[in-house]
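Q: Okay, predicted coordinates and the sequence, questions at the end:
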Amino acid sequence: MIAQPSKNLETFPNPRPGRDFTIRMEIPEFTCLCPKTGQPDFATIHLAYVPDALCVELKALKLYIWSFRDEGAFHEDITNRILDDIVAAIQPKFLQVTGEFNVRGGIWTNVIAEYRQPDWQAPSLVDLP
């Protein structure tokens with residue numbers, strides 16, 4: 001079976017729904033196309049989320065990220081679309097998506113988009129000596 005790009009974000013039940021924990025992912029091989037020139041854009045996408053009832057399945061996430069390879073889009077749009085699509089799929093307590101785009105025209109671009117459930121409060125950090 002040969003895998004194909006897909007916009008379908010599969011999920012699985014959170015194995016520890018009674019505990020807030022953070023899942024961090026780094027996707028260093030993201031590509032899309034510049035909507036002005038059609039040239040490839042390269043980025044590392046960073047995801048950090050606190051799941052509620054569901055988590056994102058990794059193979060589905062990989063195929064979802066692959067689906068942008070031949071799409072023309074601005075960095076700001078891509079980052080926010082990824083955020084919106086993951087929120088729609090899993091309704092996390094918190095999600096931050098960072099698009100760390102490679103230099104183009106001498107300019108590095110980082111786009112950070114966040115979602116937070118209205119009633120969720122982040123736990124305070126512990127500062128150990």
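A: On my side now, so go ahead. Residues are numbered from 1 along each chain as shown.
Q: avg pLDDT for whatever helix or strand residue 49 lives in?
A: For residue 49, the element it lies in under DSSP states H and E is strand 40-50. The average pLDDT within strand 40-50 is 97.
Q: List the pairing partners of that strand within its sheet, with orientation.
A: The strands beside strand 40-50 in its sheet (DSSP bridges) come out as strand 23-33 (antiparallel), strand 94-104 (antiparallel).
Q: okay, the ones you listed in a markdown table with mean pLDDT and mean neighbour count next?
A: All C-beta spots, glycine's among them, are computed from the backbone N, C-alpha and C. A markdown table is the format used below for the strands paired with strand 40-50 (pLDDT from 0 to 100; neighbours: other C-beta atoms under 10 Å):
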| stretch | mean pLDDT | mean neighbour count |
| --- | --- | --- |
| strand 23-33 | 97 | 14 |
| strand 94-104 | 96 | 19 |
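Q: I'd like the ones you listed laid out as JSON lines, including distance to residue 44.
A: Listed next are these as JSON lines, based on distance: least, C-beta to C-beta, whole Å:
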{"stretch": "strand 23-33", "distance to residue 44": "5"}
{"stretch": "strand 94-104", "distance to residue 44": "5"}
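Q: and of these, who's closest to residue 50?
A: Smallest distance to residue 50 across the strands paired with strand 40-50 (C-beta to C-beta): 4.4 Å, for strand 94-104.
Q: which element follows the closest one toward the C-terminus?
A: Per DSSP H and E, the first helix or strand lying C-terminal to strand 94-104 is strand 107-116.
Q: Show me which parts of that following strand are buried, residue by residue.
A: By neighbour count on 16 or more other C-beta atoms under 10 Å, the buried set for strand 107-116 is 109, 111, 113, 115.
Q: With residue 119 as the reference, name the closest of the strands paired with strand 40-50.
A: Of these, nearest to residue 119 by C-beta to C-beta is strand 94-104, at 11.6 Å.
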